[in-house]
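Participant: The following comprises the amino acid sequence and a computationally predicted model.
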Amino acid sequence: MTLSPHPDVETPDRLDLTLTRRILSLTIPVGLTGQLDNLAGFADIFMVGQLGPAAISAVGISRQIIMVLGIMMIAVTTGTFAMVAQAIGAGSMERASSAAKQSFTLVSVLAIFLSAAGIFAAPYILPALSLKGDVVTLGADYLRIFFAGLIFMTLNFSVQTCLHGAGDTRTPLYISILISAVKLIFSYLLIFGAWGFPEMGVAGAALGTVIGRVVGVAAGFWVLNSGRFAMRLLPETTYRFNSDLARRLLKIGIPSAMQGLFRNGSNLVYVKFIALTASSTAAVAAFSIGNQMERVLRRASLSFGTSATALVGQSLGAKQPAQADQRGWTTLAIGVAAIIALGMPIAFFAREFMAIFTDAPEVIAIGIPYILAIALAEPFMCAAIVSGGSLRGAGDTVPALIYTLVSQWLIRLPAAYLLAFTLGYDVYGIWAALVIFSALQGVLTVRKYATGEWKLREI
């Protein structure tokens with residue numbers, strides 16, 4: 001990339017591989033935290049898989065729906081991440097604590113509203129995606145329980161965001177280990193009715209998740225109030241609504257929330273297209289299984305994006321824009337290389353991965369090309385995510401929103417429809433569209449980051 005940054009900002013060598021250890025020390029705990037959530041998702045799919053393909057589809061698609069509504073929390077937490085990172089970089093724990101407490105207040109109010117809306121809408125969402133029969137019935141039960149406990153998921157995510165912004169990525173990992181252990185135990189007990197617990201089937205997976213999140217929130221607030229960690233809540237700061245602070249948080253976060261809404265809304269339309277293909281039930285089941293592997297790579301990409309946000313934000317808070325630029329480019333290079341390395345064995349063992357969760361030949365046959373498409377697409381998505389993470393560290397969240405809208409709604413969905421239904425490639429055309437839009441989003445976001453204009457922003 002040869003675009004020149006703004007002429008008023010000094011630019012060092014863009015890559016400094018001596019930063020590798022620091023980048024990985026931040027990224028690996030974040031990545032492991034995300035993979036624990038993925039493993040919990042794998043466990044849910046594996047356990048409910050014993051109840052049949054409809055149960056697999058119900059859990060897999062319900063998780064997609066939850067991400068659409070839950071993504072609104074990013075309107076608050078993205079701003080929190082940037083403000084905490086810059087406050088820590090400037091050495092002001094008071095500013096960091098004020099931003100964190102305001103974040104908890106805002107996400108709690110938003111979660112209550114979304115919970116009510118989600119519980120009401122649960123029976124209607126799945127039929128709108130052209131899903132039928134047991135998938136709708138089981139999925140509605142799953143969604144009602146999950147939305148009832150949404151506030152615990154959002155508070156847990158907010159606690160992790162504050163710690164990440166402070167540069168502490170290990171503590172959220174330990175909290176996630178606790179959450180996952182509790183979730184897996186209770187999901188098993190409630191899905192199958194073991195040890196005298198009620199046999200709830202798919203709904204038990206949702207309740208197990210909520211119980212794990214309740215424990216995680218309790219642990220997270222103990223951490224933040226203990227005074228023993230990189231981020232702490234100060235008693236002189238308040239949870240009361242502060243219009244100026246809320247406005248600053250939302251000014252940064254709303255574009256990221258809209259980006260997430262467009263991205264996950266696009267995913268739901270994508271699922272609807274899959275449900276309309278010739279082998280609807282098998283295709284949706286293949287997507288539900290393969291999407292878990294997509295999440296493995298995506299979580300890895302997001303972990304590098306989180307590191308980029310923290311490193312760039314802290315450098316800008318310390319008034320070192322040249323250092324911020326170098327950290328952003330180095331994280332980008334290491335992240336893309338890591339995703340390529342992770343994607344190769346995933347593509348090679350695609351059949352074996354599908355066979356872990358199902359013995360249905362049609363589901364396996366449809367799922368293998370999907371996993372191959374994921375391995376090709378994710379390096380581009382990693383480039384977009386890490387570059388976008390660097391921009392978020394500067395509080396510049398609008399470009400990623402625009403590029404998501406263009407690549408996912410104006411490219412991916414039309415391309416998927418054209419290839420699948422107009423040209424007759426069916427579900428395989430939908431998989432191909434994944435690669436096309438990912439490449440475009442990656443190129444656009446990296447080009448924007450390369451201009452260097454973000455170094456002049458103030459939040």
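Facilitator: Nice, I can see it.

Participant: Do you know the pLDDT at residue 179?
Facilitator: Confidence per residue is given as pLDDT, and for residue 179 that number is 91.

Participant: Dump stretch 352-361 to CSV, restricted to CA.
Facilitator: Output in CSV follows, covering the C-alpha atoms of stretch 352-361 (Å, rounded to 0.1, in the frame of the first residue of the first chain):
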residue,chain,number,x,y,z
GLU,A,352,-13.3,-34.4,9.1
PHE,A,353,-14.6,-31.3,10.9
MET,A,354,-18.1,-31.6,9.4
ALA,A,355,-18.2,-35.3,10.3
ILE,A,356,-17.7,-34.5,14.0
PHE,A,357,-21.2,-33.0,14.2
THR,A,358,-23.2,-35.0,11.6
ASP,A,359,-23.2,-38.2,9.7
ALA,A,360,-25.6,-36.9,7.1
PRO,A,361,-23.8,-37.2,3.7
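
Participant: Give me the contact list for that stretch.
Facilitator: If you take C-beta atoms under 8 Å, 6 or more residues apart in numbering as the criterion, stretch 352-361 is touched by 45-46, 49, 53, 56, 282, 285-286, 289-290, 293, 346, 363-364, 367-368, 371. Where C-beta positions appear, they are placed from N, C-alpha and C, glycine not excepted.

Participant: do stretch 430-438 as well
Facilitator: With C-beta under 8 Å, 6+ apart as the contact definition, stretch 430-438 has outside contacts at 270, 273-274, 277, 369-370, 372-374, 376-378, 380-381, 384, 407-408, 411-413, 415-416, 419-420, 425.

Participant: Just the ones of those residues in strands?
Facilitator: When the contacts of stretch 430-438 are checked against strands using DSSP state E, none is located there.

Participant: Restrict those to the buried ones and give me that as a PyMOL selection.
Facilitator: To isolate the buried ones among these in PyMOL, judged by 16 or more other C-beta atoms under 10 Å, type:
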select buried, resi 270+273+274+277+369+370+372+373+374+376+377+378+380+381+384+407+408+411+412+413+415+416+419+420+425
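
Participant: Now do the helix or strand where residue 391 lies: distance to the chain's middle.
Facilitator: With secondary structure defined by DSSP states H and E, residue 391 is part of helix 361-393. The offset between the C-alpha centroid of helix 361-393 and the centroid of the whole chain comes to 13 Å, using C-alpha atoms, centre = their mean, to the nearest Å.

Participant: still on that earlier bit, is it possible to mark the buried ones in the contacts of stretch 352-361?
Facilitator: Of the members of the contacts of stretch 352-361, the ones counted as buried by neighbours, 16+ other C-beta under 10 Å, are 45, 49, 53, 56, 282, 285-286, 289-290, 293, 346, 363-364, 367-368, 371.

Participant: list the contacts for the residue lying farthest from the centre of the chain?
Facilitator: If you look at how far each residue of the chain sits from its centre, by C-alpha atoms, centre = their mean, the farthest one is residue 196, at 35.2 Å. Residue 196 is in contact with no residue at all, counting by C-beta under 8 Å, 6+ apart.

Participant: pLDDT of whichever strand or helix holds residue 38, averaged?
Facilitator: In this assignment (DSSP H and E), residue 38 forms part of helix 20-49. The average pLDDT within helix 20-49 is 79.

Participant: so it versus helix 361-393, what angle?
Facilitator: For helix 20-49 against helix 361-393, the angle between stretch directions is 140 degrees (axes from the mean of the first three to the mean of the last three C-alpha atoms, to 10 degrees).

Participant: And the strand or helix carrying residue 251, what's buried?
Facilitator: The secondary structure element spanning residue 251 is helix 243-275 (assigned by DSSP H and E). For helix 243-275, the neighbour count (16+ other C-beta under 10 Å) marks 245-246, 248-250, 252-264, 266-271, 273-275 as buried.

Participant: do stretch 337-349 as well
Facilitator: With the criterion 16+ other C-beta under 10 Å, stretch 337-349 contains buried residues 338, 339, 342, 343, 346, 347.

Participant: Same list, those residues, but as CSV with distance to residue 120 please.
Facilitator: Rendered in CSV, the data for the buried residues of stretch 337-349 read as follows (distance: C-beta to C-beta, whole Å):
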residue, distance to residue 120
338, 42
339, 39
342, 40
343, 40
346, 39
347, 42
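
Participant: Name the surrounding residues that touch stretch 248-255.
Facilitator: Among residues not part of stretch 248-255, those counted as contacts by C-beta under 8 Å, 6+ apart are 74-80, 82-83, 99, 102-103, 106, 392, 395, 397-398, 400-401, 459.

Participant: Quickly find the element holding residue 116.
Facilitator: Secondary structure assignment for residue 116, by DSSP H and E: helix 93-128.

Participant: gap between the longest helix along the chain and the chain center?
Facilitator: Among the elements of type helix in the chain, defined by DSSP state H, the one spanning the most residues is helix 280-317. Relative to its parent chain, helix 280-317 has a centroid offset of 5 Å by C-alpha atoms, centre = their mean.

Participant: Would you mind measuring the gap between the ends of stretch 190-203?
Facilitator: Between the start and the finish of stretch 190-203 there is a gap of 8 Å, counting by C-alpha to C-alpha, to the nearest Å.

Participant: Enumerate the positions of that stretch that are buried.
Facilitator: Buried positions in stretch 190-203, judged by neighbour count with 16+ other C-beta under 10 Å: 190, 191, 192, 200, 201, 202, 203.

Participant: name the helices or strands packed onto the helix or strand that the helix holding residue 391 is followed by?
Facilitator: With elements assigned by DSSP H and E, the helix or strand that comes after helix 361-393 is helix 398-404. Helix 398-404 sits against helix 243-275, helix 361-393, helix 427-450, with contacts defined as 3 or more C-beta pairs under 8 Å, 6 or more residues apart in numbering; DSSP states H and E.
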